[in-house]
Every structure is written in C-alpha cells, then in structure tokens.
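J.: Prediction below, plus the sequence it came from.
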Amino acid sequence: MWVVLVSEAPFRAGAVGMVLTACAIAAGVVRLHRAIAVNHRYRFTTWRWGRVLAGLLLFGWLLKLAASLG
C-alpha cells in the first residue's frame, strides 16, 4: 500500500519517495519471510493464498501474451 501511495502522489516525492518505497519493500520481504519460514501456524494460509495469487498473475501474464500475439 505504501508503494502505491508514493507512486500515485500528486507531487514529486524525489529521494524521500525512493527511500519510503525501499523501506516498504524491505518490510514486506521481512514479513513474508516470517510468515513462511518462522511462523509455522500461518504457513498453510500463506501457501494457500500465495498459490491463488501466483495463479492469477500467471493468468494475467498469459492474457497479455495472447493479446500481444493476436
């Protein structure tokens, strides 16, 4: 959400926007690592919804590929 807010800001964020984006991505990676590797209770939920998200991303990529070929 932070990355979207920074990228859609009505003003130029400059270096502060880049730092906020980098921090948001780093925090997301840390949280993803914690959900998958450390917190064994939530591993099932993470993998379940991760597979759904990966399937949707693959479907979108295939639609984009089909539209560019046709």
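T.: Yep, that arrived.
J.: hey, which helix is longest across the chain?
T.: Within the chain, and with DSSP state H defining each element, the longest helix by residue count is helix 43-69.
J.: residue contacts, residue 46?
T.: Contacts for residue 46 were tallied using C-beta atoms under 8 Å, 6 or more residues apart in numbering; they are 32, 35, 36. All C-beta spots, glycine's among them, are computed from the backbone N, C-alpha and C.
J.: State the pLDDT value of it.
T.: According to the prediction, residue 46 has pLDDT 71.
J.: Which positions within the one helix or strand in the chain whose mean pLDDT sits lowest qualify as buried?
T.: Lowest by mean pLDDT, DSSP states H and E among the helices and strands of the chain is helix 2-7, with a mean of 75. Taking 16 or more other C-beta atoms under 10 Å as the basis for neighbour counts, the residues of helix 2-7 that come out buried are residue 6.
J.: other SSEs contacting that helix?
T.: Packing partners of helix 2-7 (3 or more C-beta pairs under 8 Å, 6 or more residues apart in numbering; DSSP states H and E): helix 14-33.
J.: tell me which strands and helices the helix it packs on is in contact with?
T.: Counting contacts by 3+ C-beta pairs under 8 Å, 6+ apart, the secondary-structure elements packed against helix 14-33 are helix 2-7.
J.: Residues in contact with the helix it packs on: which ones?
T.: Against helix 2-7 from outside (C-beta under 8 Å, 6+ apart): 13, 17, 20, 21, 23, 24, 25.
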